[in-house]
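Q: with the sequence up front, the predicted model follows.
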Amino acid sequence: MAYLIVEYDFNPPLTEEGLQQAAKTLAPCLEVRNIRKLRSVISADGLRGYCEYEAPDAETLREAYRSARFGFRSVWPARIYDYLPPSGG
């Protein structure tokens, strides 16, 4: 499975109610394609956001969004990179 990011721009800003409705609409489209949502991050002003997924590939994730009629700015494969600088001591 690939680790993928979906980026969004919202205008008007996304509300909590809008976020819940989007998740409800998108869930069956993800499930049928064997896509697992990991996390969503929405800016404090509700204008931008991204979601992290595990999916077979980027095009399958795009198809899920299109079938749910949920817009997105981009979908791209990524890798998790955790870097903690050494503590200065």
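A: Structure received. The model shown is predicted, which means the values in this text are computed figures rather than measured ones. Residues are numbered from 1 along each chain as shown.

Q: let me see the confidence value for the spatially most central residue of the chain.
A: The structure's the chain has its C-alpha centroid closest to residue 51; by C-alpha atoms, centre = their mean the separation is 2.0 Å. As predicted, residue 51 sits at a pLDDT of 97.

Q: help me confirm that it is found in a strand?
A: Yes: read with DSSP: H, G, I helix; E, B strand; the rest coil, residue 51 is one of the residues of a strand.

Q: wait, it touches residue 40, no?
A: Yes: between residue 51 and residue 40 there is a contact at 4.6 Å, judged by C-beta atoms under 8 Å. C-beta here means a position set from N, CA and C on the backbone, and glycine is covered the same way.

Q: how about the contacts made by residue 12?
A: Applying C-beta atoms under 8 Å, 6 or more residues apart in numbering to residue 12 gives the contacts residue 46.

Q: follow-up on the earlier one: and the residue nearest to the centre of the chain, what does it touch?
A: 5-6, 8, 37-41.

Q: rerun that using 6 Å as the cut-off
A: 6, 40 (C-beta atoms under 6 Å, 6 or more residues apart in numbering).

Q: go on, residue 25?
A: Applying C-beta under 6 Å, 6+ apart, the residues near residue 25 are residue 68.

Q: buried residues, the helix or strand harbouring it. List them.
A: Assigned by DSSP states H and E, residue 25 belongs to helix 16-31. For helix 16-31, the buried set under the neighbour-count rule, 16 or more other C-beta atoms under 10 Å, comprises 22, 26, 29-30.

Q: what's the answer for stretch 70-89, then?
A: By neighbour count on 16+ other C-beta under 10 Å, the buried set for stretch 70-89 is 70, 72, 75.

Q: confirm that the second one sits in a helix.
A: No: inclusion of residue 72 in a helix is not indicated when three-state DSSP is applied; the result is coil.

Q: distance of it relative to residue 29?
A: Distance, residue 72 to residue 29, by C-beta to C-beta, to the nearest Å: 13 Å.

Q: since that was my last question, I'll sign off now.
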